[in-house]
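> Task: produce atomic coordinates for the following.
(chains A and B)
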Amino acid sequence: DAGVTQSPTHLIKTRGQQVTLRCSPKSGHDTVSWYQQALGQGPQFIFQYYEEEERQRGNFPDRFSGHQFPNYSSELNVNALLLGDSALYLCASSLYTGELFFGEGSRLTVL
Amino acid sequence: TQLLEQSPQFLSIQEGENLTVYCNSSSVFSSLQWYRQEPGEGPVLLVTVVTGGEVKKLKRLTFQFGDARKDSSLHITAAQPGDTGLYLCAGREIQGAQKLVFGQGTRLTINP
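Presented below is the predicted three-dimensional model:
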């Protein structure tokens, strides 16, 4: 049984570019949450998707957007990248009110 | 925005010593979780505490939830080098069904 898988694991972008990160949830899970973890910090909640809709959102600008597909997989999109967007982006899957299982993350570096 | 403050942020001790990590907030949480994160990996859940005053033990790790459900502690007895890692506390908001608020983490190093 595969756990939460994220891709790519590492990527480098330049300021102003756009990036798409992908997440496949653990089998049987229907909810995906995205977190941003800056170096030396705890994860910060970006948003949560359930039934293909954004259910909750943290304090992130509109440059951060997402999508959930009918198979429960999800994408995180970030437009107009800033240096400060450099971070580890974590995807966590769960049943709607259940325990979160985290993927290994996508490490984004913005130059 | 609810905040969780962890202390200390960094801790380096010798193998065999005991230690306590604290997680404090002015807000009440419906539950509190402790995670451990290794470099290059996502956080892995260690324990969830739900009831005020609850104490849970996981081998040499003891977790306690404060009576008012605003704070928590993690105590490690006879620390081992394998305990080295980033320890994160996370509170589940009462209003939100899923949103977790994380502390900034405690980076623990156990020296042989």
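
> all helices for chain A, in order.
Using DSSP state H, no helices are found in chain A.

> residues contacting the residue sitting nearest the centre point of it?
In chain A, the C-alpha nearest the mean C-alpha coordinate belongs to A:Trp34, at 3.6 Å (Cα atoms, centre = their mean). Taking Cβ atoms under 8 Å, 6 or more residues apart in numbering or on different chains, we find A:Trp34 in contact with A:23, A:45-48, A:66, A:74, A:76, A:89-92. Placement of C-beta: from N, CA and C, glycine included.

> Would you map the strands across the chain?
In the absence of a named chain, this looks at chain A. A:5-7, A:10-13, A:19-24, A:31-37, A:44-50, A:53-57, A:64-68, A:74-78, A:87-94, A:101-102, A:106-110 (DSSP state E).

> Hmm, no, I was thinking of chain B.
Using DSSP E, strands in chain B cover B:5-7, B:10-14, B:19-24, B:31-37, B:44-49, B:55-58, B:61-65, B:71-76, B:85-92, B:100-102, B:106-111.

> For the first one, give me every contacting residue.
Contacts with strand B:5-7, where a contact means Cβ under 8 Å, 6+ apart, come from A:42, B:21-25, B:87-89, B:103-106.

> Highest neighbour count among those residues?
B:Cys89 (32 neighbours; other Cβ atoms under 10 Å in any protein chain shown).

> I'd assumed B:Ser73 was in contact with it.
No - assessed by Cβ atoms under 8 Å, B:Cys89 is found out of contact with B:Ser73, at 9.2 Å.

> overlap in contacts of the two?
Joint contacts of B:Cys89 and B:Ser73 (Cβ under 8 Å, 6+ apart) are B:21, B:23.

> before we move on, the earlier item: JSON lines for the contacts of A:Trp34, including pLDDT and neighbour count?
Formatted as JSON lines, the contacts of A:Trp34 follow (pLDDT from 0 to 100; neighbours: other Cβ atoms under 10 Å in any protein chain shown):
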{"residue": "A:Cys23", "pLDDT": "98", "neighbour count": "27"}
{"residue": "A:Phe45", "pLDDT": "94", "neighbour count": "24"}
{"residue": "A:Ile46", "pLDDT": "96", "neighbour count": "22"}
{"residue": "A:Phe47", "pLDDT": "95", "neighbour count": "20"}
{"residue": "A:Gln48", "pLDDT": "93", "neighbour count": "28"}
{"residue": "A:Gly66", "pLDDT": "97", "neighbour count": "21"}
{"residue": "A:Ser74", "pLDDT": "98", "neighbour count": "25"}
{"residue": "A:Leu76", "pLDDT": "98", "neighbour count": "26"}
{"residue": "A:Tyr89", "pLDDT": "98", "neighbour count": "24"}
{"residue": "A:Leu90", "pLDDT": "97", "neighbour count": "28"}
{"residue": "A:Cys91", "pLDDT": "97", "neighbour count": "30"}
{"residue": "A:Ala92", "pLDDT": "95", "neighbour count": "26"}
